[in-house]
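Engineer: Below are the sequence and a predicted model for it; my questions follow.
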Amino acid sequence: MNIVTWNVNSLNVRADFVAAFLDKEQPDVIGLQELKLETDKVPVKLFEDRGYHVAVHGQKQWNGVLLASKFPLDDVVRGLPDGDQGESRYVAATTRGVRVVNVYVPQGQSADSPKFEFKLGFLDALIARLGGEAVSSPETLLIGDINVAPEARDVFDVAAFDGVPTFHPLEHQRIARLTAAGFSDLCLPHLPAGTFSFWDYRGAAFRFNQGMRIDHLYGTAPLASRVASARVYRDYRKKLGELAPSDHAPVAITLHPRAA
């Protein structure tokens, strides 16, 4: 079972890019973030024509999340009322026995900004929700643009990011709480240091690998024991013919089948 997370930075702009990815890579489950489309404007047919079941939580111009699976999606939940302030940043569903929670965490702007307080509150509400999900669904998976680089190896220059959102001690405290709640970074054991998922469009950041690893898949222990591999699809951060890429690359894990 192959599961992908990808911040597409506008599904309207990236629709053909996403279609090419689905056709070639054939993920079983994919979570997209930053759709920048209202729910009724999302090109659901793009996924349904390829055999996917789809759950969408869209928003005009900003945010928006989508979950698509080759297997039915049950118990769909849209929104995180205690943390999202009405923004479309959370969609969850159960597919093939795995509870998948797809999120787009606020970036936070600056450490002295109200947007950073919003981010911390969102993370607090998310961790609380995940604790409940894990009780009812032992195989619970958090995927998405978490907008936090958990460790020094996850940024290209620690000094440049020290104390700013995406690499702030208060964010790292939340990641520690997520881990304490039973969720581990499923990609970390399988990726070498210096593997990133986001590169700014500016300053030739991708060319010089000046990036961050902020797109993640965190899972409970039963899922962690099933992870066969993880990868970042770096080629999809490059132009695809005349198609412009997102500033994020898709990130994926592959799960072993459950033991009989």
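Structural biologist: Perfect, thanks for sending it. Numbers count the residues shown, from 1 in each chain.

Engineer: When you work out contacts or count neighbours from here on, use the C-alpha atoms and nothing else.
Structural biologist: Noted.

Engineer: List the contacts of Gly58.
Structural biologist: In this structure, Gly58 makes contact with 35-40, 42, 64-66, 88, judged by Cα atoms under 8 Å, 6 or more residues apart in numbering.

Engineer: Next, the distance between the ends of stretch 130-143.
Structural biologist: As for stretch 130-143, its first-to-last residue distance stands at 12 Å under the measure Cα to Cα, to the nearest Å.

Engineer: what about the residue nearest the centre of the chain, which SS state?
Structural biologist: Geometric centre of the chain, nearest residue: Gly144, 1.2 Å, by Cα atoms, centre = their mean. What DSSP: H, G, I helix; E, B strand; the rest coil gives for Gly144 is strand.

Engineer: do Asn12 as well
Structural biologist: Following three-state DSSP, Asn12 is assigned to helix.

Engineer: Local confidence estimate at the closest residue in space to Asp124 that isn't next to it in sequence?
Structural biologist: Nearest residue to Asp124 in three dimensions, chain neighbours excluded: Arg174, at 7.2 Å (Cα to Cα, 6 or more residues apart in numbering). Per-residue confidence (pLDDT) for Arg174: 99.

Engineer: my read: Arg174 touches Ala125, true?
Structural biologist: No: the criterion here is Cα atoms under 8 Å, and Arg174 misses it with Ala125 at 10.6 Å.

Engineer: tally of neighbours for the residue nearest to Asp124?
Structural biologist: Neighbour count of Arg174, defined by other Cα atoms under 10 Å: 18.

Engineer: check contacts around it.
Structural biologist: Applying Cα under 8 Å, 6+ apart, the residues contacting Arg174 are 120, 123-124.

Engineer: which one of those has the most neighbours?
Structural biologist: Tallying neighbours with other Cα under 10 Å puts Leu123 at the head of the contacts of Arg174, with 22 neighbours.

Engineer: what's the closest non-adjacent residue to it?
Structural biologist: Spatial nearest neighbour of Leu123, excluding adjacent residues (Cα to Cα, 6+ apart): Arg174 at 6.8 Å.

Engineer: do the same with His168
Structural biologist: Leaving aside its sequence neighbours, His168 sits nearest to Asp162 (Cα to Cα, 6+ apart; 6.6 Å).

Engineer: Model confidence for the one you found, exactly?
Structural biologist: pLDDT, read off for Asp162, is 91.

Engineer: and if you look at Pro72?
Structural biologist: Pro72 is assigned 99 on the pLDDT scale.

Engineer: What helix or strand is it located in?
Structural biologist: For Pro72, there is no enclosing helix or strand under DSSP states H and E.

Engineer: give the contact list for it.
Structural biologist: If you count contacts by Cα under 8 Å, 6+ apart, Pro72 has them with 53, 95-96.

Engineer: can you check Ala134 too?
Structural biologist: Neighbour list for Ala134: 140, 220 [criterion: Cα under 8 Å, 6+ apart].

Engineer: what ranges do the helices span in the stretch 51-200 of the chain?
Structural biologist: For the stretch 51-200 of the chain, applying DSSP state H, counting those that start in this stretch gives helices covering 114-136, 158-161, 169-180.

Engineer: Now tabulate the ones you listed in TSV and tack on distance to Val77.
Structural biologist: TSV is the format used below for those (distance: least, Cα to Cα, whole Å):
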stretch	distance to Val77
helix 114-136	11
helix 158-161	34
helix 169-180	20
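
Engineer: So which of those helices is nearest Phe196?
Structural biologist: Phe196 lies closest to helix 158-161 among the helices of the stretch 51-200 of the chain, at 13.6 Å (Cα to Cα).

Engineer: got the contact list for that closest one?
Structural biologist: Contacts with helix 158-161, where a contact means Cα under 8 Å, 6+ apart, come from 152, 155, 167-168.

Engineer: ok, those residues vs Tyr233, which is closest?
Structural biologist: Of the contacts of helix 158-161, the one sitting nearest to Tyr233 (Cα to Cα) turns out to be Val155, at 17.6 Å.
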